[in-house]
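**Q** sequence unknown, structure follows:
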């Protein structure tokens with residue numbers, strides 16, 4: 001690490017930041033990945049003790065939003081920063097808490113808390129701590145040097161709900177969590193659709209299961225595969241439906257997506273699902289719910305949008321997909337679309353550009369990034 005270079009510390013709240021942070025560090029020596037902030041055992045115990053409600057599940061849910069959890073995460077951030085004395089700025093993925101009391105910081109957010117939006121799933125709603133959590137998150141956004149969002153949907157929420165000026169918010173997009181796997185099946189064999197995700201209630205897996213039954217009646221060769229941890233949500237087996245009710249590796253998920261007729265995203269709520277980008281990079285179409293940031297990337301020309309909860313609508317889109325000819329040319333259309341979106345390369349360029357502008361300190365590789373992204 002070079003002294004006096006205004007190093008930029010990268011801190012994450014979970015593994016979703018890994019792809020972007022790795023790219024930033026590979027491109028520019030000023031970025032330093034400090035790791036993931038985790039609340040310590042004392043903070044967790046205090047969070048649980050202050051969040052006791054009827055039922056252990058709701059208690060655990062509320063504890064994630066408690067002031068003690070925020071305090072524990074901030075202490076973890078401070079410890080990570082203390083190991084690198086040259087850090088002058090922090091880029092933090094998450095908006096649960098202020099990453100540091102001492103340094104200017106930037107925030108990356110996939111979506112803020114909105115107490116008036118009834119579509120938010122249980123895990124996004126801090127029932128016991130609603131007022132205090134809203135106040136803390138609002139402070140985090142307002143005190144940031146700049147807020148980056150993965151979607152325009154999230155940017156609008158931050159502007160309208162948290163009253164952050166538009167000039168202080170930038171949409172940077174998002175990319176895949178896993179690399180593409182080359183399809184191994186002939187197109188004629190890929191008459192199945194796949195949906196990958198945990199928390200099957202929020203992901204609308206019951207809706208997709210009903211759609212599978214509808215499709216199977218008219219197209220017996222067509223089927224749907226549901227993959228991931230149901231988290232206690234039961235989906236009944238039925239004709240045309242295959243269940244893989246456990247988490248699979250990224251490679252296994254990518255192979256299923258690469259060989260499918262289309263990826264299904266039946267979410268009732270999904271801010272910016274990375275799995276959509278994984279489908280496009282593999283050349284696989286997407287049939288998805290019209291919620292949150294999804295319509296920003298699944299356009300009418302590059303997939304199918306369906307109202308959330310509309311099993312018949314999903315079935316209709318799947319039938320249309322089954323009746324299309326699967327050709328190499330079609331696959332390349334979706335791959336080129338993914339390249340045009342830019343993936344993490346374009347996201348990293350946008351982040352580096354804004355940080356360079358805000359800090360008044362040039363990022364050495366920024367111009368090269370611009371050229372590479374323009375050529376993609």
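**A** Perfect, thanks for sending it. None of the values given here were measured: they were computed from a predicted structure. Numbers count the residues shown, from 1 in each chain.
**Q** list the buried residues of stretch 105-118.
**A** Neighbour counts over stretch 105-118 (16 or more other CB atoms under 10 Å) mark 105, 106, 107, 108, 109, 110, 111, 112, 113, 114 as buried. C-beta here means a position set from N, CA and C on the backbone, and glycine is covered the same way.
**Q** between these, which is closest to residue 147?
**A** residue 107 (4.9 Å; CB to CB).
**Q** any idea how far residue 340 is from the closest one?
**A** Separation of residue 107 from residue 340 (CB to CB, to the nearest Å) stands at 27 Å.
**Q** same check on residue 248?
**A** 29 Å.
**Q** okay, those two: which has more neighbours?
**A** With neighbours defined as other CB atoms under 10 Å, residue 248 and residue 340 compare such that residue 248 has more, 15 against 12.
**Q** name the nearest residue to that one, sequence neighbours excluded.
**A** Leaving out its chain neighbours, the residue that sits closest to residue 248 by CB to CB, 6 or more residues apart in numbering is residue 227, at 5.9 Å.
**Q** next, count neighbours for that neighbour.
**A** Residue 227, neighbours per other CB under 10 Å, totals 21.
**Q** what values do phi and psi take at it?
**A** phi -130, psi 140 (degrees, to the nearest 10).
**Q** next up, the contacts around it.
**A** With contact taken as CB atoms under 8 Å, 6 or more residues apart in numbering, residue 227 is in contact with 194, 195, 196, 197, 244, 248, 253, 256.
**Q** now with 6 Å, please.
**A** Residues near residue 227 by CB atoms under 6 Å, 6 or more residues apart in numbering: 196, 244, 248.
**Q** quick one, helices of the stretch 101-250 of the chain?
**A** Assignment of helices within the stretch 101-250 of the chain using DSSP state H, counting those that start in this stretch yields the ranges 130-143, 152-162, 205-218, 250-258.
**Q** okay, buried residues for stretch 156-167 please.
**A** For stretch 156-167, by 16+ other CB under 10 Å, it's 157, 158, 159, 161, 162, 164.
**Q** residues contacting the last one?
**A** Applying CB under 6 Å, 6+ apart, we find residue 164 in contact with 141, 158.
**Q** just the ones in strands from the contacts of residue 227, please.
**A** 196, 244 (DSSP state E).
**Q** want to try a markdown table for the buried residues of stretch 156-167, with distance to residue 66 and pLDDT as columns?
**A** As requested, the buried residues of stretch 156-167 are exported to a markdown table (distance: CB to CB, whole Å; pLDDT from 0 to 100):
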| residue | distance to residue 66 | pLDDT |
| --- | --- | --- |
| 157 | 22 | 95 |
| 158 | 22 | 96 |
| 159 | 27 | 95 |
| 161 | 21 | 93 |
| 162 | 20 | 93 |
| 164 | 24 | 95 |
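**Q** nearest to residue 22, of those residues?
**A** Checking the buried residues of stretch 156-167 one by one against residue 22 (CB to CB), the nearest turns out to be residue 158, at 25.7 Å.
**Q** where does the stretch 151-300 of the chain dip in pLDDT?
**A** For the stretch 151-300 of the chain, applying pLDDT under 70 flags the ranges 180-190.
**Q** now do the strands in it.
**A** Ranges of strands in the stretch 151-300 of the chain, per DSSP state E, counting those that start in this stretch, are 169-171, 192-196, 223-227, 241-244, 262-265, 286-289.
**Q** what's the closest of those to residue 360?
**A** Of all the strands of the stretch 151-300 of the chain, it is strand 169-171 that lies closest to residue 360, at 17.1 Å by CB to CB.
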